[in-house]
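[1] Sequence first, then the predicted structure:
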Amino acid sequence: MKSYFARRFLLIIPTFLGITVLVFGLTRLVPGGPVERMLAEAQLASESAAPSTDSFGSQSLDEDQIAQLKAYYGFDKPILQSYFEWLWKVLQLDLGESSRYGDPVWDTITDRLPVSIYYGVITMILTYLICIPLGILKALKHGAPFDHMSSAVVFIGYAIPGYVIGIACVAYFAARLEWFPLGGFVSDEFEYMSFTDKVVDLIKHSVLPLAAYMAGSFAVMTFMMKNALMENLAADYVRTATAKGLSFSQAIRKHALRNSLIPLATHFGQNISVILGGSFLIEKIFNIDGIGLLGYEALIERDYPIVMGILVISSMLYLIGNILSDFCVAWADPRIRFGEKR
Amino acid sequence: MSSFSPQALRRWQRFKSIKRGYYSAIAISILIVLSLLAELWINNRALMVKYEGAYYFPTYGDILPGETFDLDYKWETNYRALKRQFKSEPNSENWVLMPLIPFSPNENDFIEGEYPPYEPSLASGHYLGTDMSGRDIFARIIYGFRIAIVFSIFLLSVTYIIGIAVGAAMGYFGGAFDLFFQRIIEILSNVPILYIIMIVASIITPNFWTLALLLAGFSWMGMTWYMRTETYRENAREYVQAARALGAGHSRIMFLHILPNSISILVTFFPFSVVGGITALTSLDYLGFGLPPPTPSWGELLQQGTTNLEFQWIWASAVGALSVVLTLVTFVGEAIREAFDPKKYTFYE
Amino acid sequence: MRYLFFIAVLIMPLLAQSKTLPKDLQWETNNSADTWADPNATKGGVFNDYIISFPPTLRTIGPDSNNSFRSFINANKMGLVSFHPTTWEIIPEIATHWAYGADKKTVYYKLDPAAKWSDGKSVTADDFLYTIKFMRSPHINAPWYNNHYTEQFEDVSKYDDHTISITGAVARSKEELHYYYGLGPTPEHFYGELDGDWVKKHNWKIVPNTGPYQISKIKKGKSVEFSLKENWWAKDYRYNKGRYNVNKVVIKVIRDDNIAFRHFEKGDIDSFDLVHPDYWHNKAKGKLFDNGYIHKVLFYNDMPRSASGFFLNMDKPILSDNDTRIGIAYALNFEKVIKTVLRDDYERLNAFHEGYGDYSNKNVKARPFDLEKANHYLTKAGWTEYNGSGIRIKNGKELSLEISYARKEHTDRWTIIKQDAKKAGINLELKLQDATAQYKTVMQKQHDIAAMGWSTGFKPAFWQHFHSDNAHKPQTNNVTNFDDKQIDDLIMEYRFETDTSKRIALSQKLEQMIHDSAAFIPSFKVSYTRGAHWRWLKFPKVPGTKTSATLYSPFGNGGVFWIDSKMKIDTMAARKSSTRYTPVNNVYEQFKVTQ
C-alpha cells in the first residue's frame, strides 16, 4: 500500500513534465504571441474610440529590432532550451514574470487566490450542506412526490450551464429588479464600511455567483448520497440491526449513514482543485477577479508566463487530488487495495 | 423486439415505467426528427411553386434563379415576394406554397422603417422575434438545435470509440501499458483546449467536422476510466478466463466478451455526454471560438442576448431553448440509468 | 483629443557648450486665440469614469505601454506648444515663444520659467535634451521610438536654461514642424542613468509630469485616481481658464461595457459615450432619460476619420484582377448595413483619407451597392458561369473569398454584406478570429479580405500603406500588397515635397488612384461624438471643440466640464421621489461637415 502511493507520487514527475512540455510547445504555436500583440497595438485603430495619433505607423521594424523584442519576451531561444530554463526556475519556485503586467506570476496568482478560494470553499461547503440532507431525504422518501419534484429541480440545475444561469440571474435579479449588485467581489466603498456592513455587502455580492456556481454541482452529490444510502438501507446489516431491536432511524444513523458517506469521501480529494476551479465565464459575468478569469485573459492576451504558472499549480493540484482521492477511498473502505496484483 | 434479449426487454419496460424520462425521450426524438426536416417547415424557399403550368420543388438542391419565374434577377428567387406577387395578380393560376415559418436562419429580414431586433409578433411571422441583425430567432434556434445535437452525437461517437478502445486496452493489458496511458490521459486533461482551437483556427477556418474531431481529441478521457475499471472487473470473471483458455485472441475477448458486458455503463453515460457536447459547443460559440458565423448557434444567440439584455426575447429564447433541451436529455439519462440499475430497493418502515 | 509632442534632444557632447542664437529670429506667440472653456466654471468635485481593463503598466513607453490607459497619463504631459482644437492655430504650452529657422526644419523655443514638474523641480532645457537621449536608449525597449527619434531628429540644442532649438530631418511647413518635431520634456532628475532594468523598475512608478493632474492612488486591478495639483503652474493661463475643474478623476475598471452602463445608470459613473447605435437608441432610454436626470448630447466634430473598410489582398489570384475588385466593390451593400443595423447613424466612408481638410479628395466617392455594375465588371473579368448555389465560376474556380475580422459584434454587419454579395454571385465566408490572431493573419498577408481600420494621422500617409517597398512581405502596413510603379513615384514625390499646395495636389491624385484600384473598399465613418451624462455635469455653451472625439475627457483638450455638487444631491433625491425635470436631448451642429 505504502509503495503504491510512493509510486503514484513518483509518477507525478513524468506526468508533470509531459503536461508542461506540451503546453509550453503549444504556446509557441499559437498565432500571435506577445510580440505580434505589441506590433498590433502600435498600429491598429480602435473603431469609434478616439483615433490615436501615434505617428509610428509609418515605420516597420528591422530584423534586429524584432529579435530584440523577441528576446524581451523570451522568444529568442530554441524551444527546448527555453523550456528547460523555465523548468529550472520553476524548480526553484520561481514562476517568472507576467509578460503583460511585468509582475511576478506568483504574486499575480496569489492576489486572486483569496477570491477564488472564497467562492471555491463556500460552494463546496454549501454543496455538502445541502446535498447530504437532501440525498438522505430523497432516499427515505424514494418514489414520493417530494423525490420526483426535487429530482426535477436538481436535474434542471444540472442541465443548464452555470454561466447561463448567471446571465439569467444578472439580467433579472440584478439589472431588472435591482435586488443584488451587478457584480464585483465587494463594493467600491468596502474599506470604509463597518464590519456588519462589510458582511452584508459581501453576502449581497456573493448570492448570485454562488447560485450560478452551485446549480450544477447538486446533482452528482445528491444522487451519490441518495443511491449510496438506498443501497445500504437494503443491505443485510441494516436488516439485522432492526431485527436486533434498533429503531429504523437509529439503524440509519448508526450504520447506514456512515457507510453511505464513503463514496462522498472518495470525491473529497478532488475538492482540492476547487481553489483554482472557478469558471471564467461566471467570473466574467459577475466581474469577479478570480483565477479562472486570470487564466482566460492570459490565454487570450498571450501572457504565457501566467498561463504556465496557472498550469503548474492546477496540474499539481489535479495530480495530487487524484492520489488524495485514492487515499480517501483506501482509508474509508479497507476492503479496497490499490496496486496489488489481480 | 423479438431480437432483444429478455434483459434488454426488461430494461425497456422499466424505462417506459419511468414516466418523466420516457416522455422526455419521446419529446426529444420528435424534436430531433423535426429539426432534421427543418428545411420543410422553416425555410425561405417555397415548398412548391406552380408557375405557368409547371411545378417546382425548390426546398432541396440547387437554387432557382429569379429568371425561372420570369423575374428580372439572376440570384435566388425571393419566394415570399413571389407569393405576394402571384396573389396580387387577379385570376392567376400560379401559386406558391411556403413552409410554416417562411424564414431561413441566415436571412436578414428587415422591416421597412423599423430597426432590428424585432419583437416577437404574430403579424410579422417572427414568433420569437429576431436577433440583432433581423434574423428569425425561432429558425435559428431550430437549426442551431440540429447542429448542436448532430455535433454532440458525432462528438460522443468519436469519444466513445477512442475512450472505449483505450480504456478496454488499459484494463485488459494492465501493467506498463495501463501506466503509460494513465499518464497520457492526465496530460491531455490539462491542456487548455482554447489554445488548440486558436492554433487550428489560424491555419484553417474550423468547420463542423474539424471542431468536433478537435474536441473529441481532448475529451475522450472521461470515458476511459469507467471502461478501464469495468474491464478490470470483467477480466477477472470466469467467462473471460474460460474464453482465454479456449484460445481466444485479445481483441476477440475484448470486443466480444468484455465490451458487451460493460455496455450498460456506457449507455447510462450516453445522455450526459450529449448534454456535455451541446454545452461545449454552446460555450465555444458564446466565446467566439466555435463554428464560423453565420452558422445558427445557441451560443451566439446567448452572446447577443447578454450584450443586449434589454431585448429580453433574445436571451430568454436562448436560455429557454437550452434549458428545455438539456433538461429533457438529462431526464432521459436519469431514466436510462435507473432502468439499467438492477438494484431494487427494499424498505423497512 | 490631444496631440502628443515628440521629444528630442541631440548629440550629447555638444550639449556641454551653449550655442548662440541666430540674430534674426522672429519670435512669435499667441495670446489672442479664442478660448473654448467657460471661465465661470465651478471648481471641485469628483469625476467618475471607467476603463475596460486595468493597465498592464503605468509606463507610457516600452513593452505593453500602448494601452488605452496611456492616453490619461499622456494627456497630463504638456508639450512645447499645442494646436488650437478648433482653429489649428499654434498656442503656447511650456514654450511661451517660438521662432523658425531659415533652413525650414529648425524651430526655436523659449521655455516658460514658471513651468514645474509635479515634484516641484523646474522644467529646463536639459529636460528636452534628455528626451532624445531617453528615446534613443535601447533600455526603454521601444524600437519604434528608438527609430523615430534617431531618424526624424537631426539636432536639439540648448542656448540657455530656457531656450532650445529643434531640428528635424526634413524641411516641412511651419505647423508640421511643430507637429512632427515638437518634443515634450522628460524628467532627467527622476530617471537618471538608464539601465537594462529600466522597463521592470518603472512599471508602476508614478513619473513626475507637467500637466494639471497627477496619479494619486492606484488600486491594482480596480481603479486609478488622479488629483488636481493644488498650485499647478499653468492654471491661470489664458487657455486653461475654466478648464480642469474637478478635484479628482477616478477611473474604475469595469470589464464589460454593458455592466459599466448599468453603473452609469446608478450614477456611479458620471458620463457615458454612446457612439454605438445600440447604446444610443436601445440602452439609453427610459425613466432616467425621460425624467431629465440624464442628458443626451450629440456633437458633430470635424477631424480625420479612421481608414476602415475592406482591404483586398492583391497577391491572391482572384483579387489580382482590377475588374474583379471593382465588381466586388459594387457588390458590397454597406448602405444596407447603415440603413439597418447601424440605424442610419453611421455614414459611408468615401476614401482612405477623409477629414484631412484640403488633403482629402472630395471627388472620390465610395462605390455604392450596384448590382448592375457589379455584374458588368465581374462578367468582364471572366466570371461568366454559375454553379448550383448561384456562385460565379471562372475556369472551374468559385468566386469565393474569406472576410477576416476580429470583432464579434461586427458579425451582424458582415452577414448582411454576405447575403447581398450573393446576389452578384460572390460567396463571402466570414472568418472571425481574436484580435491578435487576426492581426497576425493580416501581417503575414494571408487574408483574402481583411475588415479593419487604421489609426489616423496628422496628414495623409501613403508610403506605409501603398508603396511597393512594403508589398509582398510580412509585418508591413501595405496589407493590400499594393505594387505600382507610378504610385511609388508619386508617393516619394509627396513625401519630400514641402510646398503645401503641391502636396495637396499630389495627395488628391494618389487618393484617386487608390480609389481606381479598388484595393481598399471604404466602409463606415461617424461624423460626431455622442453620449449621455448626469445633469450635474455642466458644460460651456458649446460643450466641445472641432476635434473633440469625446465630450467627457477630463484631461487634454477637454476638461471643460464641471460638477455641480448641490445639483448632484438634488438629482439623487429627485430620482428617489420620481420628481421630473425637463428631458434634455441636445444636438450641436457647429462643426458639422456639409458635403
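    Everything's here; your move.
[2] Just the buried residues of stretch C:466-483, please?
    With burial defined by 16 or more other CB atoms under 10 Å in any protein chain shown, the residues of stretch C:466-483 counted as buried are C:Phe466, C:His467, C:Asn470, C:Ala471, C:Thr476, C:Asn477, C:Asn478, C:Val479, C:Thr480, C:Asn481, C:Phe482, C:Asp483. Every C-beta, even on glycine, is put in place using the N, C-alpha and C of the backbone.
[3] By pLDDT, give me the weakest of those.
    Ranked by pLDDT, the buried residues of stretch C:466-483 bottom out at C:Thr476, which scores 79.
[4] hang on, that residue packs against C:Asn470?
    Yes. Counting by CB atoms under 8 Å, C:Thr476 does reach C:Asn470; the two are 3.7 Å apart.
[5] Next one: B:Ile184 from B:Met221, what distance?
    B:Ile184 is 9 Å from B:Met221, where distance means CB to CB, to the nearest Å.
[6] now the buried residues of stretch C:466-483 in a markdown table, with distance to A:Ser3 and secondary structure?
    Putting those into a markdown table (distance: CB to CB, whole Å; DSSP: H, G, I helix; E, B strand; the rest coil) gives the following:
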| residue | distance to A:Ser3 | secondary structure |
| --- | --- | --- |
| C:Phe466 | 72 | helix |
| C:His467 | 71 | coil |
| C:Asn470 | 66 | helix |
| C:Ala471 | 67 | coil |
| C:Thr476 | 62 | coil |
| C:Asn477 | 64 | coil |
| C:Asn478 | 66 | coil |
| C:Val479 | 63 | coil |
| C:Thr480 | 67 | coil |
| C:Asn481 | 66 | coil |
| C:Phe482 | 71 | coil |
| C:Asp483 | 71 | coil |
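[7] wait, which of the residues you listed is closest to C:Thr571?
    C:Asn477 (47.8 Å; CB to CB).
[8] Using the three-state scheme, assign the closest residue to the closest one other than its chain neighbours.
    Distance criterion CB to CB, 6 or more residues apart in numbering or on different chains; nearest residue to C:Asn477, sequence neighbours excluded, is C:Gln464 at 4.3 Å. The three-state assignment at C:Gln464 reads helix, by DSSP: H, G, I helix; E, B strand; the rest coil.
[9] if I pick the nearest residue in space to A:Ala171 that is not next to it in sequence, what's in contact with it?
    Residue nearest to A:Ala171 in three dimensions, not counting chain neighbours: B:Leu309, with 4.7 Å by CB to CB, 6+ apart. By CB atoms under 8 Å, 6 or more residues apart in numbering or on different chains, the contact set of B:Leu309 is A:Val170, A:Ala171, A:Ala175, B:Trp315, C:Asn258.
[10] If you rank the residues you listed by neighbours, which is first?
    Within the contacts of B:Leu309, neighbour counts (other CB atoms under 10 Å in any protein chain shown) peak at A:Val170, which reaches 27 neighbours.
[11] Shouldn't it be within a helix?
    Yes. Using three-state DSSP, the assignment for A:Val170 is a helix.
[12] Look at it and report its pLDDT.
    pLDDT, A:Val170: 81.
[13] residues near the nearest residue to it once chain neighbours are set aside, how many?
    Leaving aside its chain neighbours, A:Val170 sits nearest to A:Ile285 (6.0 Å; criterion: CB to CB, 6+ apart). Residues lying near A:Ile285 (other CB under 10 Å) number 27.
[14] Over to the one 3 residues further on?
    Summarising burial for A:Ile288: neighbours were counted as other CB under 10 Å, giving 24.
[15] Those residues of the stretch 251-400 of chain C touching chain A, which are they?
    C:252, C:254-256, C:259, C:262-263, C:268, C:275-276, C:303-308 (CB under 8 Å from any CB of the partner chain).
[16] go again using 10 Å as the cut-off
    Proximity of the stretch 251-400 of chain C to chain A, by CB under 10 Å from any CB of the partner chain, involves residues C:252-256, C:258-263, C:265-266, C:268, C:273, C:275-276, C:303-308, C:346, C:355.
[17] now these: which count as buried?
    For these, buried by 16+ other CB under 10 Å: C:252-256, C:258-263, C:265, C:268, C:273, C:275-276, C:303-308, C:346, C:355.
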